[in-house]
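Student: fold the following for me, if possible:
(chains A and B)
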Amino acid sequence: DAKTTQPPSMDCAEGRAANLPCNHSTISGNEYVYWYRQIHSQGPQYIIHGLKNNETNEMASLIITEDRKSSTLILPHATLRDTAVYYCIVREPTGNQFYFGTGTSLTVIP
Amino acid sequence: DTAVSQTPKYLVTQMGNDKSIKCEQNLGHDTMYWYKQDSKKFLKIMFSYNNKELIINETVPNRFSPKSPDKAHLNLHINSLELGDSAVYFCASSQDRGNIQYFGAGTRLSVL
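Tutor: Below is the predicted model:
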């Protein structure tokens, strides 16, 4: 079962930062936080992951709270192509399963 | 070149038929997966293979049988198709068990 809670939907204006929250209050010490997105029934696409430090790559930034019970995915300058369902997943480093929850449906508005 | 490719992209068939979906990855990964996404968009893992050996088999009817002829391929065979099998099936792969998974574009199966 998914161990994360996300808002079902969010809107963001084009060009603004999109901040997607995720609660994972039961996360274990060795579990990573992963973010994926799925654009209109395409295959899920990896975005970023982290353990306890904040992470940044060319797609997004991941901010994890100090107690690791929640995190925020930041898309710094949202475009229309960022409209998708965003999934927050927690996972052990040796675990095979990704438990996808219901995700957040992000709509970027022109 | 597509990293994880699935064929066919669309599959329409009658109840009771047997069908296969093929998956190939050219990433040199050791682990491959099959996921099912139902009409409510829930994405659930079905199987996982590591170096051609089954390591995950979630609660899936035994009408579903994965076959891995080599590390680069994981095919899904479905016997006696039922209406409830209609879904989008995604193949994925990763380098070792704990790493990032890369997904194919999906196969949309419709059982009539």
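Student: low-confidence regions, chain B specifically.
Tutor: B:1 (pLDDT under 70).
Student: what ranges does it have for its strands?
Tutor: B:4-7, B:10-13, B:19-25, B:31-37, B:43-50, B:53-57, B:64-70, B:73-78, B:87-94, B:102-103, B:107-111 (DSSP state E).
Student: cool, and chain A?
Tutor: For chain A, the strands defined by DSSP E cover A:9-13, A:18-23, A:32-38, A:45-50, A:55-56, A:61-64, A:70-75, A:84-91, A:104-109.
Student: which one of the strands of chain B lies nearest to A:Ser70?
Tutor: strand B:43-50 (22.1 Å; Cβ to Cβ). In short, each C-beta sits where N, CA and C put it, glycine included.
Student: pretty sure B:Val12 sits against B:Ser110.
Tutor: Yes - counting by Cβ atoms under 8 Å, B:Val12 touches B:Ser110, with 4.7 Å between them.
Student: so residue 13 bridges to which residues?
Tutor: In the absence of a named chain, chain A is used. A:Ile109 (DSSP bridges).
Student: hmm, I had chain B in mind actually
Tutor: B:Val111.
Student: ok, A:Ala18 next?
Tutor: Under the criterion used here (DSSP bridges), A:Ala18 is bridged to A:Leu75.
Student: distance of it relative to A:Thr83?
Tutor: Noted for A:Ala18: a distance of 10 Å to A:Thr83, by Cβ to Cβ, to the nearest Å.
Student: bridged to the residue in chain B that chain A sits nearest to, which residues?
Tutor: Nearest residue of chain B to chain A (Cβ to the nearest Cβ) works out as B:Phe103 at 3.3 Å. The bridge-partner assignment for B:Phe103, based on DSSP bridges, gives B:Ala92.
Student: so how many other residues sit close to it?
Tutor: 23 (other Cβ atoms under 10 Å in any protein chain shown).
Student: from memory it sits against A:Gln45, does it?
Tutor: Yes - assessed by Cβ under 8 Å, B:Phe103 is found in contact with A:Gln45 at 7.2 Å.
Student: the strands of chain B: which one's closest to A:Thr26?
Tutor: strand B:43-50 (19.8 Å).
Student: run me through the strand neighbours of the closest one, direction for each.
Tutor: Strand B:43-50 is paired, per DSSP bridges, with strand B:31-37 (antiparallel), strand B:53-57 (antiparallel).
Student: TSV for the strands of chain A, including mean neighbour count and mean pLDDT?
Tutor: Formatted as TSV, these follow (neighbours: other Cβ atoms under 10 Å in any protein chain shown; pLDDT from 0 to 100):
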stretch	mean neighbour count	mean pLDDT
strand A:9-13	14	97
strand A:18-23	20	97
strand A:32-38	22	94
strand A:45-50	18	95
strand A:55-56	15	96
strand A:61-64	19	97
strand A:70-75	20	97
strand A:84-91	23	93
strand A:104-109	17	97
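Student: can I get the ones you listed in TSV with distance to B:Ser39?
Tutor: Listed next are those as TSV, based on distance: least, Cβ to Cβ, whole Å:
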stretch	distance to B:Ser39
strand A:9-13	18
strand A:18-23	24
strand A:32-38	15
strand A:45-50	21
strand A:55-56	34
strand A:61-64	31
strand A:70-75	26
strand A:84-91	14
strand A:104-109	16
